[in-house]
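Engineer: here is my input; please provide its structure:
(one chain, ligands or ions: 1)
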Amino acid sequence: MQVLIVEDEPAIADTVVYALESENISCKWVTTGHDALDEIHKQKPELVLLDIGLPDRNGFDLFHSIRQICNASIVFLTSRHSEIDQVLGLELGADDYITKPFSPRVLTARVRTHLRRIQATMETPSESALLFEHDTESQRIRLRGIALDLSRYEYGVLSLLIEHPERIYSRDTLMDLVWQQSADSFDRTVDTHIKTIRKKIKAIDAELDPIKTRRGLGYAYEVPK
Ligand code: CA
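Structural biologist: Residues are numbered from 1 along each chain as shown. This next block holds a predicted model:
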């Protein structure tokens, strides 16, 4: 498991690197958006700690570029309340944010929680596979053995969510990934599709509601216990 730290202030980065390495968490530190993308191309990290004010580009901007090339969990390092508002307001679908200044202990605990979660999803894809069977070739999804009758975009949304349990997808990210350059798309489209997907799931199992709304962030598939 590899953590990539994108932070231009050496004092903060040093604290983070020291805190993580003393807990045997392997990490790599870069100071610019350019170097971050370079590093991600070379070695896909599991978790990215991302500063927002970087010398060459904005962290929000970089967030989108990172999401296009890798599946890492992304945690913003924010220094101002206005930045937190932005993280929530933009509905980027970031996995978390940590406010500066932070205590090394709190930081390490949060990083550990994320790494454990990532590890758990890597080890137990079969758990969600038991519930949903996803046949990528025929582009069909079965729930408890029953084929779901999904439209093209419903399939796009649901397949993305179930393939990445616990990952939060914002409306914007879903629009980007599922609808792509579709010109006739409206903002509420994602909500409408989530609604019909939930209905179709409930038609098979009324108790089942695995697609969760993360207020201010987006949607996530939660593997039922
Ligand atoms: Ca900075």
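
Engineer: lowest average confidence, helix or strand, in the protein?
Structural biologist: helix 125-131 (a mean of 57; mean pLDDT, DSSP states H and E).

Engineer: pLDDT of stretch 53-66, averaged?
Structural biologist: For stretch 53-66, the mean pLDDT works out to 91.

Engineer: isn't Arg214 up against Ala220?
Structural biologist: Yes - Arg214 is within contact range of Ala220, at 5.7 Å (criterion: Cβ atoms under 8 Å). Where C-beta positions appear, they are placed from N, C-alpha and C, glycine not excepted.

Engineer: who has more neighbours out of these two?
Structural biologist: Under the criterion of other Cβ atoms under 10 Å, the comparison of Arg214 against Ala220 puts Ala220 first, with 19 against 14.

Engineer: surely the more buried one is within a strand?
Structural biologist: Yes - the assignment for Ala220 is a strand, going by DSSP: H, G, I helix; E, B strand; the rest coil.

Engineer: grab the nearest non-local neighbour of it.
Structural biologist: Closest residue to Ala220 apart from its sequence neighbours, by Cβ to Cβ, 6 or more residues apart in numbering: Ile168 at 4.6 Å.

Engineer: pLDDT at the closest residue to Leu177 other than its chain neighbours, what is it?
Structural biologist: Spatial nearest neighbour of Leu177, excluding adjacent residues (Cβ to Cβ, 6+ apart): Leu160 at 6.2 Å. Per-residue confidence (pLDDT) for Leu160: 92.

Engineer: skip the chain neighbours and tell me the closest residue to Ile69.
Structural biologist: Nearest to Ile69 is Ile40, by Cβ to Cβ, 6+ apart, at 6.1 Å.

Engineer: can you tell me what sits against the strand or helix carrying that neighbour?
Structural biologist: Assigned by DSSP states H and E, Ile40 belongs to helix 33-42. Under the criterion Cβ atoms under 8 Å, 6 or more residues apart in numbering, residues 4, 6, 28, 30, 45, 48, 50, 54, 56-57, 59, 61-62, 65-66, 69-70, 72 lie in contact with helix 33-42.

Engineer: the residue nearest to Ala220 and Asp51: what is the separation?
Structural biologist: Distance, Ile168 to Asp51, using Cβ to Cβ, to the nearest Å: 20 Å.

Engineer: ok, now which ones touch the closest residue to the ion within the chain?
Structural biologist: Nearest residue of the chain to the ion (Cβ to the ion) works out as Gly53 at 3.8 Å. By Cβ under 8 Å, 6+ apart, the contact list for Gly53 reads 8, 59, 79.

Engineer: at 7 Å what do you get?
Structural biologist: By Cβ atoms under 7 Å, 6 or more residues apart in numbering, Gly53 lies in contact with Gly59.
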